[in-house]
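Trainee: Coordinates for the following, if possible.
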Amino acid sequence: MDPDGEFKPNILNSVVFLISTSMTVATFLANYRGHPFMISLVENKLLLYSLLVTEFLLLICAMDVVPFVNRFMELAEMPNWEFRLALTSLMIADLVFTVLYAWTIRSMFKNVPTLPNVSKKDKNV
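Mentor: Numbering: from 1, shown residues only. Prediction:
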């Protein structure tokens, strides 16, 4: 295998690409903070739709239902239906559980008081 050679898609690099990109989308959805820091994800329609379209495209590629898209993205053909279903299920489960976990943790700790912001000027040292 020549690292400077021509790229040849295989199952390993295709699956790594699909899962890592899906995990990035899930992490972004889970960590996106709306008000008071920035506009909420529901209000930011362009960002929300781009994340949803990205995840939908990844699921289409994982299911290998549109071979033209997989060839365009230089992804290898998925071996069989069971593999496609397992990969798609893993991607959906990661997305759902990541967002639910973040939401649960945020809701559990939303009433915890934060430490006051003390600057050096306020300290009498």
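Trainee: Okay, now the unreliable bits of the chain?
Mentor: Low-confidence regions of the chain, defined here as pLDDT under 70, cover residues 1, 114-115, 117-125.
Trainee: center of it - which residue?
Mentor: With distances taken as Cα atoms, centre = their mean, residue 25 lies nearest the centre of the chain, 2.0 Å away.
Trainee: and that one, how far is that from residue 57?
Mentor: 10 Å (Cβ to Cβ, to the nearest Å). (Glycine included, C-beta is placed from N, CA and C.)
Trainee: same thing with residue 102?
Mentor: Applying Cβ to Cβ to residue 102 and residue 57 gives a distance of 23 Å.
Trainee: which residues touch residue 57?
Mentor: residue 69 (Cβ atoms under 8 Å, 6 or more residues apart in numbering).
Trainee: Now name the helix or strand holding it.
Mentor: helix 45-63 (DSSP states H and E).
Trainee: Just the helices from this protein, written as ranges.
Mentor: In the chain, the helices defined using DSSP state H lie at 11-31, 45-63, 67-72, 81-108.
Trainee: Any idea how far the helix holding residue 57 is from the middle of the chain?
Mentor: Averaging C-alpha positions (Cα atoms, centre = their mean, to the nearest Å) puts helix 45-63 10 Å from its chain's average.
Trainee: and if you look at stretch 5-18?
Mentor: So, by Cα atoms, centre = their mean, the centroid of stretch 5-18 is 19 Å from its chain's centroid.
Trainee: Pull out the CA atoms of that stretch and give them to me as CSV.
Mentor: The C-alpha atoms that make up stretch 5-18 are tabulated as CSV, following Å, rounded to 0.1, in the frame of the first residue of the first chain:
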residue,chain,number,x,y,z
GLY,A,5,-0.6,6.3,-4.6
GLU,A,6,-4.0,6.6,-6.1
PHE,A,7,-7.0,6.4,-3.8
LYS,A,8,-8.9,3.1,-4.0
PRO,A,9,-12.2,2.9,-2.0
ASN,A,10,-12.6,-0.1,0.2
ILE,A,11,-15.1,-1.2,2.9
LEU,A,12,-12.9,-0.1,5.8
ASN,A,13,-12.3,3.5,4.7
SER,A,14,-15.9,3.9,3.5
VAL,A,15,-17.3,2.7,6.9
VAL,A,16,-14.8,4.9,8.8
PHE,A,17,-15.8,7.9,6.7
LEU,A,18,-19.6,7.3,7.2
